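Student: from the sequence below, what's the structure:
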Amino acid sequence: MKLNQKIMALAATAAVGFSGQALAAGTTAGTTVTNEASLTFEVSGNTQTTLRSNASFQVDNRVDMTITTTTASVKVIPNDTVTFSYTLSNTGNADQVFELSIVNSADATADNGDIAFTGTTFDNAVNGTITNGNYITILEDQTATFDVTVTVPLTRDAGVNIANAEEFILLTKATAVADDAGTALVNGASIDKNDAANLNAQTLIVLADSANTLATSDTDVAYNGSVSVLNTAEIETATFTHKDELNNDVNGLGLSVIVVNDPLCGGTYVAGTGVTTCDGTITGYTPKAIPDAMVEYTITATNSGTADAEAVVITQNLSTLAGVGGSATADLQPGSLTNPTTTHGSAAIAGDTLTVTAGTVAAGETVTVTFTAIVE
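Tutor: As a prediction, the model looks like this:
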C-alpha cells in the first residue's frame, strides 16, 4: 500500500503567560513571556501526534521618567525657608526608587552667585513614598508630587551679603537608583540580551530617559537615568545703603563726621561758611579737631530694598570710634556722647553707648541719626 503522507492541516498557535499586568508603560519588568507553537497533521487520514515548541524571554526594566515644577520662580527672604513643588512621573515598566537633590546651578553666569542651602527637606509626597530623607519610590506607570523646602542663606560667594532683587538658579534632579541607600543601577545597555544566560534569567536595566534642554550650562543628557528641572529664587528683602563721597549708592550704613566747634572758637560751624566771627577777631574760621573740640557724627541708612525692614536697631559705642589702640580715653572723652537725634523711633544714651530703636523702616525710607562727642 502506498503511504499517503499528506499533511491535512498545519496550525500555529501562541500562548503567552504574564506574571504582571500590561500597563501604559508596557509589560512589567521581570515578566516571563512564553510562546508556544504547535503543529497538527494527518497521514493517510490518521491524526498524528501534535508537535509543540516553546520559546520564552524575560522582559527587561525600561527606566524612564519625567520631572516638572509648578513653582518655577519664587520670591524669598534671606534666612527664610522656601518651598518648591514638583511632579515626577515614573514612565518605566517597574516600581522605581529615585534619589532627589537640589543645588545651586553650576552656571556662574546664570545668576548672582553661589549659595549653599541648609535644612533641606523632601516631603508632602502624594502617590509616592519618601524614605531615608531624599529618596522617593513611585510605582510602575504612576505619577507622584512632592515638595522641597530649603533655607536660603544670608550670604553668597563665601561671605557677600545677599541683596534685594538678586536671583539664584536652582537645579533639582531625580536620579533612578536601586534602593534608598543610593546604590547605582547597573546599566545593561551594552549587555547582549540574546545570550542564552540573559534571555530568560536576567532582567536587564535599560536607561531610556530623554534629554532635557536647560536654560543654563547644566546638562541633562539622554539615557543616563536622571532628569532635571530649574527653579529661580528671587530675593525680596530690605537692603540698607548709603551715599558715598561721590553720591554713589554703597551697601551698608554710612557714618560721617564733622568738627562743629573747638575751644578757640565756641561758635557753631555752618557748612560752607565756617564761623562768622570768632572772639570778635577771626572771620570765616573753621573749627579744628584739637583736644576738647566737639565733633558731630551722622549715621545714614536707606532701605533701598522692596520689603519693609522691621525691628531696626542702630547701636553706636563710643569706644568703637577710637583710633589706634581702641581706647575711647585716648581719642574721645568718655561720657561726652550727647545730643542724639533720629528721624525714626527713639534714641537713648547709656554710658558711652547710643541705641536708636528705629522700629520699621519702610522700603525707600532713610534713617538719619546724629550725635556729638568731645575729642580727648
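Student: please count neighbours and contacts with C-alpha atoms only from this point.
Tutor: OK.
Student: Thr300 - that's part of a strand, no?
Tutor: Yes. Counting by DSSP: H, G, I helix; E, B strand; the rest coil, Thr300 is located in a strand.
Student: which residues does the closest residue to Asp179 other than its chain neighbours contact?
Tutor: Excluding the flanking residues, the one nearest Asp179 by C-alpha to C-alpha, 6 or more residues apart in numbering is Val97, at 6.0 Å. Val97 sits next to Tyr135, Ile136, Thr137, Ile138, Ala176, Val177, Ala178, Asp179, Asp180 when contact means C-alpha atoms under 8 Å, 6 or more residues apart in numbering.
Student: helix/strand/coil for Val97?
Tutor: At Val97 the chain is in strand, as set by three-state DSSP.
Student: strands of the stretch 1-150 of the chain, start to end?
Tutor: 32-39, 42-43, 46-47, 51-58, 61-63, 65-69, 73-76, 81-90, 96-104, 118-126, 129-131, 135-138, 142-151 (DSSP state E, counting those that start in this stretch).
Student: in TSV: those strands, plus distance to Asp352.
Tutor: Formatted as TSV, the strands of the stretch 1-150 of the chain follow (distance: least, C-alpha to C-alpha, whole Å):
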stretch	distance to Asp352
strand 32-39	85
strand 42-43	118
strand 46-47	118
strand 51-58	83
strand 61-63	69
strand 65-69	55
strand 73-76	38
strand 81-90	38
strand 96-104	45
strand 118-126	39
strand 129-131	56
strand 135-138	56
strand 142-151	38
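Student: which stretch among these comes nearest Ile205?
Tutor: Distance to Ile205, taken as C-alpha to C-alpha, is lowest for strand 61-63 among those, at 5.0 Å.
Student: centre of the chain to the closest one, how far?
Tutor: How far strand 61-63 lies from its chain's middle: 30 Å, per C-alpha atoms, centre = their mean, to the nearest Å.
Student: related to what we said a few turns ago, which stretch among the strands of the stretch 1-150 of the chain comes nearest Val259?
Tutor: Nearest of the strands of the stretch 1-150 of the chain (C-alpha to C-alpha): strand 73-76, 43.5 Å.
Student: quick check: nearest residue in space to Ile314, chain neighbours excluded?
Tutor: Val356 (5.0 Å).
Student: per-residue confidence averaged over the host helix or strand of that neighbour?
Tutor: In this structure, Val356 sits in strand 353-361 according to DSSP states H and E. Average pLDDT, strand 353-361: 96.
Student: mind listing what's buried along that strand?
Tutor: The neighbour-count check on strand 353-361 (16 or more other C-alpha atoms under 10 Å) flags Thr353, Leu354, Thr355, Val356, Thr357, Ala358, Val361 as buried.
Student: neighbours of Ser256, how many?
Tutor: Ser256: 12 surrounding residues under other C-alpha atoms under 10 Å.
Student: I'd say it and Val295 touch.
Tutor: No. At 10.2 Å, Ser256 and Val295 do not qualify as touching, with contact defined as C-alpha atoms under 8 Å.
Student: so where do the strands sit in the stretch 251-376 of the chain?
Tutor: 254-261, 294-303, 309-317, 338-342, 346-350, 353-361, 366-374.
Student: of the ones you listed, which is nearest Leu332?
Tutor: Judging these by C-alpha to C-alpha, what sits closest to Leu332 is strand 366-374, at 5.7 Å.
Student: tell me the buried residues in that closest one?
Tutor: Buried residues in strand 366-374 (16+ other C-alpha under 10 Å): Thr366, Val367, Thr368, Val369, Thr370, Phe371, Thr372, Ala373, Ile374.
Student: with stretch 309-322 instead?
Tutor: Buried residues in stretch 309-322, counted by 16+ other C-alpha under 10 Å: Ala309, Ile314, Gln316, Asn317, Leu318, Ser319.
Student: tell me who's in contact with Gly188.
Tutor: Going by C-alpha under 8 Å, 6+ apart, the list of residues near Gly188 reads Leu204, Ile205, Val206.
Student: give me the nearest residue to Asp249, chain neighbours excluded.
Tutor: The nearest residue in space to Asp249 (C-alpha to C-alpha, 6+ apart) is Lys243, at 4.8 Å.
Student: from Gly359, how far out is the one you found?
Tutor: 22 Å (C-alpha to C-alpha, to the nearest Å).
Student: any regions of this structure where pLDDT drops low?
Tutor: Scanning the chain for pLDDT under 70 picks out the ranges 1-25, 266-284, 320-330.
Student: domains for it, by residue range?
Tutor: 1-59, 63-235, 240-374 (automatic domain parsing).
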